[in-house]
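1. give me a 3D structure for the following:
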Amino acid sequence: MEATKVTEVSYNQNFRARNNWSITLANQGTKMTTDFLTYESGVVFLQGYTPHSLKPKQIFKLLCGCFEKASNFEKKLESADLLNGYERVNGILISIGNVPVLITKYDKDPDKVYEEWNKKKNLADAKD
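-> Predicted coordinates:
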């Protein structure tokens, strides 16, 4: 699997008058920009994403690639002072289509992540 690169980390103020950081992830020609919300206990929380321009499989491939050895994910977050030098990212939490997904460095197969997400999404759709 190819490593995901962070191409940009930028500070902005969004329409809700919240100050936040946006990060842009790139992997094999696919790009996604989302907001970095917080970091707690080894987990990065990202703003939820509704798949319009990207398919869920593409999103999971981008996020799983953040745990590949050649990824600059942690280094870019450290350089923006979003992580301290001693902190490590063990997981990424994001909601895709209103279904929460936790991707960890121990479970980073995008196909498996997609299967689990799809099961949860189907259960949620059946309840609605």
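
2. Ala3 in helix, strand or coil?
-> coil (DSSP: H, G, I helix; E, B strand; the rest coil).

3. count of residues packed around Val6?
-> Val6: 19 surrounding residues under other C-beta atoms under 10 Å. Backbone N, C-alpha and C define where each C-beta goes, glycine included.

4. please list the outside residues in contact with stretch 116-128.
-> Applying C-beta atoms under 8 Å, 6 or more residues apart in numbering, the contact partners of stretch 116-128 are 56, 60, 96-99, 101.

5. list the buried ones in it?
-> Within stretch 116-128, the residues that qualify as buried are 116-117, 120-121, counting by 16 or more other C-beta atoms under 10 Å.

6. again, but for stretch 35-43
-> Using 16+ other C-beta under 10 Å as the test for burial, stretch 35-43 gives 35-37.

7. what's across from the closest residue to Thr33 other than its chain neighbours in the sheet?
-> Nearest non-adjacent residue to Thr33, counting by C-beta to C-beta, 6 or more residues apart in numbering: Thr24, 4.5 Å away. The residues listed as beta-bridge partners of Thr24 by DSSP bridges are Glu8, Thr33.
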